[in-house]
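In: my questions are about this predicted structure, shown below with the sequence.
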Amino acid sequence: MTYSHSDGTSDSKSSYLQGMREGIWRYRGFTSRDEQMRRAGDCVVVTGLIDMDVVIRGEPMLLNSRYISVWKAGNNGWQMIAWQSTRYTHA
């Protein structure tokens, strides 16, 4: 898995989970909207907008992002293999 953050940094599955354990990111809530899903073989591509209430390294933030997430069907069910988000401001 590759997790690309809206600030341009990127994590592997193991580094993202380690960051969660260390409390780098603490998600307090999020709302997703305008979600669209498209199937491509054994993958699904999900796009949409997400508003997140998150504490990053102790700093509370409200992030508004456009995202793309790719999921793959396998022996263990659906697994996310990629996430990319880009911040935007409300008009």
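Out: Yes, it's here. Nothing here was measured: the structure is a model prediction, and the numbers come from that model.
In: can you pull out the strands in this protein?
Out: 2-4, 10-12, 25-40, 43-56, 59-74, 77-87 (DSSP state E).
In: may I have stretch 12-22 exported as PDB, CA atoms only?
Out: Coordinates of each C-alpha in stretch 12-22 appear next as PDB, following Å, rounded to 0.1, in the frame of the first residue of the first chain:
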ATOM      1  CA  SER A  12       4.100   2.600   3.000                       C
ATOM      2  CA  LYS A  13       1.600   0.400   4.900                       C
ATOM      3  CA  SER A  14       4.100  -0.300   7.600                       C
ATOM      4  CA  SER A  15       5.200   3.300   8.100                       C
ATOM      5  CA  TYR A  16       1.600   4.600   8.100                       C
ATOM      6  CA  LEU A  17       0.600   2.000  10.800                       C
ATOM      7  CA  GLN A  18       3.700   2.800  12.800                       C
ATOM      8  CA  GLY A  19       2.800   6.500  12.700                       C
ATOM      9  CA  MET A  20      -0.800   5.700  13.800                       C
ATOM     10  CA  ARG A  21       0.700   3.700  16.800                       C
ATOM     11  CA  GLU A  22       3.000   6.600  17.600                       C
END
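In: for the residue nearest to the spatial centre of the chain, name its beta-bridge partners.
Out: Nearest to the mean C-alpha position of the chain, by C-alpha atoms, centre = their mean, lies residue 83 at 4.9 Å. Counting by DSSP bridges, residue 83 is bridged to residue 3, residue 69.
In: OK, contacts around residue 35?
Out: 46, 47, 48 (C-beta atoms under 8 Å, 6 or more residues apart in numbering). C-beta coordinates here come from the backbone N, C-alpha and C atoms, glycine included.
In: quick check, nearest of these to residue 31?
Out: residue 48 (10.2 Å; C-beta to C-beta).
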